[in-house]
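Visitor: Prediction below, plus the sequence it came from.
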Amino acid sequence: MPDFTVTPLTPSIGAEISGVDLAKPIDGETRERLSRALAEHLALVFHDQTLTPEQYLGAAEAFGPPMRQHYSQHHMPGFPDIGLVWHRNGQHPAERWHTDHTNRERPPAATILYGVEIPSAGGGTSVANMRAAYAALPETERRQLDTLRTVNSLDDGKSDTRHEDREKYSKPIVHPMVRTHPLHGSRAVFFHITKTINIEGMTPEASRAYLSDLLERMIRPEIVYTHQWRKGDVLVIDDRATMHRAHGDYDRRESRVLWRIIAEGDRPQLI
Ligand SMILES: [Fe+2]
């Protein structure tokens, strides 16, 4: 079993893991320690990894079985459980704060990103601690958020969504806006602003305005870790207690290619 070390990257969120070669099989005890480290630190960084698609899929299993991603036009040819994150052909980086695939009944437990082509400057990924965001809200607002539920579907603004994906993944799915982390036991704010059709009992317009205002107030620099990519980095994000965003501040003549895997999660619950 590799004896790895966990070094926190900020006081609130993020830890670097050293001493793990993700290309090699990961034993049960290491998986468990990594899952606990993820639940605690919410974003894990592994540097200097060299992975084939098969090895990457094997490593991701440490955080749960890979789950099929809904925009099939971005699946890696031959490896449909790996999504290609790149911004060619008019595709825009996801610059708004969000958590992934909330239109699924059991949204992913984790999003795993592997840096394959990295621009010389910019193009980072930021991750916000939504457990800390929840804890910092006034008591009355926390109690109010505890009662709210979002109705989720695919983003409506994407013009390149395939018909069959829209058929499969558009069914409205309701989630609590605050969820309890199944491993950690703590609560976090949970929503995806552009996948939320509305908050139950509110119009779509009022819901969007409220969620936007919430993001503005909740996400402060002290609860954010920004990952500046190096080729060979693997970033694992806990989707149950964070939101993340990409930064489009890089030279678009340069390439930014990340391989993405999402790991199966549980049905969000507020306990
Ligand atoms: Fe995302």
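Guide: Thanks, I have it.

Visitor: contacting residues around stretch 161-170?
Guide: If you take Cβ atoms under 8 Å, 6 or more residues apart in numbering as the criterion, stretch 161-170 is touched by 70-73, 103-104, 153-155. The way it works is simple: take the backbone N, C-alpha and C, and place the C-beta from them, glycine included.

Visitor: same check, this time on stretch 214-229
Guide: Contacts of stretch 214-229 (Cβ under 8 Å, 6+ apart): 9-14, 43, 45, 97, 115, 118, 123-130, 132-133, 136-137, 189, 193, 233, 235, 243, 247, 256, 258.

Visitor: Just the residues you listed: which are in helices?
Guide: Using DSSP state H, the members of the contacts of stretch 214-229 that fall within helices are 130, 132-133, 136.

Visitor: Who wins on neighbours among those residues?
Guide: residue 130 (28 neighbours; other Cβ atoms under 10 Å).

Visitor: count of neighbours near the nearest residue in space to that residue that is not next to it in sequence?
Guide: Nearest non-adjacent residue to residue 130, counting by Cβ to Cβ, 6 or more residues apart in numbering: residue 188, 4.2 Å away. Residue neighbour count, defined by other Cβ under 10 Å, stands at 24 for residue 188.

Visitor: Kindly report the same for residue 164.
Guide: For residue 164, using other Cβ under 10 Å, the count is 9.

Visitor: For the nearest residue to residue 270 once chain neighbours are set aside, give its distance to residue 132.
Guide: Among residues not flanking residue 270 along the chain, residue 176 sits closest, at 4.4 Å (Cβ to Cβ, 6+ apart). The spacing between residue 176 and residue 132, counted by Cβ to Cβ, to the nearest Å, is 18 Å.

Visitor: ok, and for the helix or strand containing residue 141, which residues are buried?
Guide: According to DSSP states H and E, residue 141 maps onto helix 139-146. Buried residues in helix 139-146, counting neighbours by 16 or more other Cβ atoms under 10 Å, are found at residue 145.

Visitor: Over to stretch 241-254?
Guide: 241-247, 250.

Visitor: Now, of the contacts of stretch 214-229, which are buried?
Guide: Using 16+ other Cβ under 10 Å, the buried members of these are 9-10, 12-14, 43, 45, 97, 115, 118, 123-130, 132-133, 137, 189, 193, 233, 235, 243, 247, 256, 258.

Visitor: Keep only those of the contacts of stretch 214-229 that are in strands.
Guide: Among those, the residues falling in strands (DSSP state E) are 43, 45, 115, 125-129, 189, 235, 243, 258.

Visitor: what residue ranges in this structure are flagged as low confidence?
Guide: 1-2, 89-90, 157 (pLDDT under 70).

Visitor: Just name the closest of the contacts of stretch 161-170 to residue 270, please.
Guide: Set against residue 270, the nearest of the contacts of stretch 161-170 by Cβ to Cβ is residue 104 (17.9 Å).
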